[in-house]
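In: Test case, fold it:
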Amino acid sequence: MFREMRRKKQQLSERDSKDVLLRRTFGVLAVTGDEGYPYAVPLSYVFDEKANKIYFHCAKSGHKLDALRQEEKVSFCVVDQDEIVPERFTTHYRSVIVFGKIRVIEEGEEWLEAIKKLMARYSPLESEESVQQEIETASQFVILELSIEHMTGKEAIELVRMREKGME
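Out: Numbering: from 1, shown residues only. Reported below is the predicted structural model:
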């Protein structure tokens, strides 16, 4: 169903790909937008490694949500590294692309647990009281749950060679 990576030597392991998702805080969600045009939007997220799901929040209406209600299949890209190396006419990059289906969660226990995961990721030092106050105002949001069906990570060949030489 999903294509194999052509440059296999540059493919990240599943562990390295998951580490990228755990390390970074935003990526770009691509959906099928109006009239079949791709619509890609940068979003903050939290990766739940145990559940193999990614959670986002969004407003209860808008282009993204309309698109997701028409087509649940999406891709999500996270860039871990992008270092320009001008003298070599290249970049040292590392990124992960996830494919899966999104489910909209509008209320209930799942919604609450996902909001708490997002808050813990972005405001880990906040008190329980301030978290609870924020949750009460978060009712204007829905949660998007991306169930990962396929994940692939890739890095520049230069990074592969550096790691092989023990330089990274």
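In: Now do the helices in the chain.
Out: 14-23, 63-70, 108-122, 128-137, 157-164 (DSSP state H).
In: Mind telling me which of these the model trusts least?
Out: Lowest mean pLDDT of the helices of the chain: helix 128-137, a mean of 72.
In: gap between residue 104 and residue 64?
Out: For residue 104, the distance to residue 64 equals 10 Å [Cβ to Cβ, to the nearest Å]. All C-beta spots, glycine's among them, are computed from the backbone N, C-alpha and C.
In: Who has more neighbours out of those two?
Out: Set residue 104 next to residue 64 and count neighbours by other Cβ atoms under 10 Å: residue 64 wins out with 20 against 15.
In: ok, that one - contacts?
Out: By Cβ atoms under 8 Å, 6 or more residues apart in numbering, the contact set of residue 64 is 29, 31, 39, 41, 58.
In: So what's the residue count around residue 112?
Out: Neighbour tally, residue 112, other Cβ under 10 Å: 14.
In: Excluding chain neighbours, give the residue nearest to it in space.
Out: residue 135 (7.0 Å; Cβ to Cβ, 6 or more residues apart in numbering).
In: Give me the neighbour count for that neighbour.
Out: As a burial measure, residue 135 scores 14 neighbours (other Cβ under 10 Å).
In: hmm, back to that, which two from the contacts of residue 64 end up farthest apart in space?
Out: 39 and 58 (12.6 Å; Cβ to Cβ).
In: quick one: which of the two has more around it?
Out: Comparing residue 39 with residue 58 by other Cβ under 10 Å, the one with more neighbours is residue 58, at 18 against 15.
In: Run a quick check on that one versus residue 144, I expect a contact.
Out: Yes: with contact defined as Cβ atoms under 8 Å, residue 58 counts as touching residue 144 (6.1 Å).
In: on that earlier part again, ok, of the contacts of residue 64, which one's closest to residue 14?
Out: Using Cβ to Cβ, residue 29 comes nearest to residue 14 of these, at 21.0 Å.
In: need the contact list for the closest one.
Out: Taking Cβ under 8 Å, 6+ apart, we find residue 29 in contact with 40-43, 56, 64, 74-76.
In: if we go to 6 Å?
Out: Shown in contact with residue 29 (Cβ atoms under 6 Å, 6 or more residues apart in numbering): 41, 43, 74, 76.
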